[in-house]
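Participant: can you look at this prediction? I've put the sequence above it.
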Amino acid sequence: MKFRTRKSRPALARFAPFLLSCIFLLSPAFSWAAPDWSDDILYFVLIDRYADGDSTNNRRVERSNPGGYHGGDLKGLTQHLDELADLGITALWINPVQKQVPQGFYASAPANLGIPEFKHWGFHGYWIDDFTAMEPQFGSLDDLKHLVEEAHKRHIKVLLDVVYNHAGYGSSYESRRTSDGQSWMRSGEGNCEVDPITCRVGGLPDFKTELPEVRDYLLNANITLAKQAGVDGFRLDTFKHVDTDFWLEHRRRTRAELGKDFFLLAEYWGGNASSLDPFFARDEIDAGFDFSFKGSCESFVNGRGRTVAYGSYLASRHKVRKGYLLADYLSSHDEPMALYDLNGDKAKFRICAAIQMTSIGMPVIYYGEEVARAGSVWPLNRTDMPWGDRDIKPGNGLPRDESMREYYKALLHIRRHHPALSRGDYTLLSGPQDAVLAYIRHDAASGDNVMVLVSRDDKESAADFMLPGIWPDIWNGKPVVDELTSKPVTVAAGRIELIMAPKSVRILSLASGKAEH
C-alpha cells in the first residue's frame, strides 16, 4: 500500500484541537460522540485463532506452539460470519492486520502451566513491522474488504484494532529517522508508573508520536487502511501511552476523512467511568473499556461482599458522561479467562454473562466464551476457537458447550429486544439484608421495563421485594414473563415474590411491547 505524506497544517489548524478541548471541558452535557453504538454487542476475535479458510498462507503455522501462528485468517472468519450473526452479535472487533515482525522470540509461561519455553510470534497482530502492508498470515487487503462487505450484509459493524504507540520487537522502524535526523523511537525503557507516555510498554519500541513526521506517518497508515477496507471504527490499543494532543488530532482526522460516525473505542488500562471521563470531556473517543466489570462480577458470584454493595456498584456505572459508552468484558487476550477464574463453575459464569447482558454499556464477548472455550492465563487465554466435530481448523476436535451457546443466544436476543437494557436507567431493589440481587431497568423513551433477579447462593432463595415509587403502577396486574423460561410471573399488590433456584437468574418483562432495536 502506498501513502501520501500530508502537508503541514496552517497555524490556526494546529490550535483547533486545544480550542475544541476547552469547549468540551466547559460543557459536560455536550456530546459529539459517534451515534448508534449504545445498543451494539461486540464480539472480539483473534483472527489467527478462529478459522483457517486459506491453506496457502500457512507457511509459519505451528499449531502445537501456544505462541505460534495456528492458521486462522480473514477468509476463514468471513466463511463463518453466519455463526456470529446467528448468535446475535451486532459488531465484530478484529485484531490489527498489518505486517508483523518476521521472527519469534523465546518466552516462558507461568510455571504452574507446565509449558516448556516456546517461541512467541506476532499472531495477535500487535507487533507491527510495516504499517503500510498486510500480514500475509491473516490475508490480503481484498480479504479484509470482503470480510467487511459480508459483515455489513449481515448488519454487523466491523471495528479494526489499531496501534499508534509502538512497533514490534526488532522492527525496522527502530533505525528510522526524521528529515532533521531525530530517531522515530524513544531511547531507554522509561517507567510506565511515572510517565506512561515515554515508557516502552512491555519493552516494545515506543514511537515519538509528538514528532510531526512520525505522527503523520502513523495516522496516514491507519486511516488509509480504514478507508480502503470500509471499517466502521477503531479499537485504540495502549491509549494511555499516547498523549492527548495526538488523540485530539486523531479525532479531527478520523472525523474529516472517515466520517463523523466513525467510532473510537479506547483501551485505557484500568479504565472506568471516572478515569475515562476526561477523555470523554475532550471528545477524544466515543467509548472506553471498563476494567472493573470482570473482577467485580467474579467477586460477587464467589460470595464476596454484600449483595447491596454489588448492586450499588452496578448503579455507579451509570455515571458515565451522556453520549459516551463503557465497554465491559468477562475475558480478554490480556487477562485470565473468566471461566478459569471461576474454577470452571459454569453456573457462576452464566450469572456474570446475564448481568453483563442486562447492564449499561456495550458488552464484549471474547471469542469462544459463548461455547465455554477452555483457557486460563497467558498464553492459554489465546487458545483456538473450539469447533467440536466440525472440520474447521485450527480448533477442530476441541470440545464446545452448545447449551452455553444457546444460553448466550437467548441473552443476546433479550438484550436486542429490550432498549431498557442498553439505554435505560437503573433502580436497585435490593436492601442491606437481601441475599437476592434485584434491579429494574427502565427506558422512558420506549416505555420498556425489565426486572432482573440474581441468586448467587448454592441453595434455593426467596425473592420478596416491594416495588417502590412508580413501579407498582407499571407492573401490578400486568402479564409478566420470565424471558429465559417463557413462564409467567405474578406481580400483585406492588410486590414480587418467587423462589430462586440455586445460582440462577430471572429476567422479567411485561409480556407485550417488545421491539428489536
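Facilitator: Structure received. Please read all numbers here as calculations on a predicted model, not as lab measurements.
Participant: assign P136 to helix, strand or coil.
Facilitator: coil (DSSP: H, G, I helix; E, B strand; the rest coil).
Participant: how many neighbours does the closest residue to it other than its chain neighbours have?
Facilitator: Leaving aside its sequence neighbours, P136 sits nearest to N57 (CB to CB, 6 or more residues apart in numbering; 5.4 Å). All C-beta atoms are positioned from the backbone trio N, CA, C, and that covers glycine. For N57, the neighbour count with other CB atoms under 10 Å is 21.
Participant: over to A273?
Facilitator: 20.
Participant: I figured it hits K322, correct?
Facilitator: No: using CB atoms under 8 Å, A273 is not in contact with K322; the gap is 11.8 Å.
Participant: picking up where we left off before, OK, contacts around the residue nearest to P136?
Facilitator: D73, P136, Q137, F138, G139 (CB atoms under 8 Å, 6 or more residues apart in numbering).
Participant: the same query, at a cut-off of 10 Å, please.
Facilitator: N57 makes contact with Y69, G71, D73, L74, K75, E135, P136, Q137, F138, G139, S140, D143, according to CB atoms under 10 Å, 6 or more residues apart in numbering.
Participant: tell me the pLDDT at it?
Facilitator: Looking at N57, its pLDDT is 96.
Participant: now Y439: how far from G72?
Facilitator: With the distance defined as CB to CB, to the nearest Å, Y439 ends up 39 Å from G72.
Participant: what of V61?
Facilitator: 9 Å.
Participant: which one's more surrounded, those two?
Facilitator: More neighbours surround G72 than the other of V61 and G72, with 31 against 19 (other CB under 10 Å).
Participant: could you grab the helix/strand/coil label for that one?
Facilitator: Applying three-state DSSP: G72 is coil.
Participant: next: S422.
Facilitator: helix.
Participant: what about it, how many neighbours?
Facilitator: 24.
Participant: could you check the pLDDT of the closest residue to it other than its chain neighbours?
Facilitator: Counting by CB to CB, 6+ apart, D39 is the residue found nearest to S422 once chain neighbours are left out, at 4.7 Å. At D39, the model reports a pLDDT of 96.
Participant: what does W471 give?
Facilitator: 86.
Participant: so how far is L81 from K153?
Facilitator: 8 Å.
Participant: same check, this time on P110
Facilitator: Taken as CB to CB, the span from P110 to L81 is 35 Å.
Participant: neighbour count for the two, which is higher?
Facilitator: Applying other CB under 10 Å to P110 and L81 shows that L81 carries more neighbours, namely 17 against 12.
Participant: check contacts around the more buried one.
Facilitator: L81 neighbours (CB under 10 Å, 6+ apart): I89, L92, L147, E150, A151, K153, R154, I156.
Participant: what count of nearby residues applies to the second one?
Facilitator: Spelled out, that is L92. 25.
Participant: can you name the element that comes right after the helix or strand encompassing it?
Facilitator: In this structure, L92 sits in strand 91-94 according to DSSP states H and E. Counting by DSSP H and E, the next helix or strand C-terminal to strand 91-94 is strand 98-100.
Participant: can you name the residues in contact with whichever helix or strand comes after that next one?
Facilitator: Next helix or strand after strand 98-100 toward the C-terminus (DSSP H and E): strand 105-107. Strand 105-107 has contacts (CB under 10 Å, 6+ apart) with 66-67, 115, 117-122, 127, 168-170, 378-379.
Participant: at 7 Å instead, please
Facilitator: G67, E117, F118, K119, H120, Y169 (CB atoms under 7 Å, 6 or more residues apart in numbering).
Participant: who does the one helix or strand the fourth one maps to touch, helix- and strand-wise?
Facilitator: Meaning K119. Using DSSP H and E, the element containing K119 is strand 118-120. With contacts defined as 3 or more CB pairs under 7 Å, 6 or more residues apart in numbering; DSSP states H and E, the packing partners of strand 118-120 are strand 105-107.
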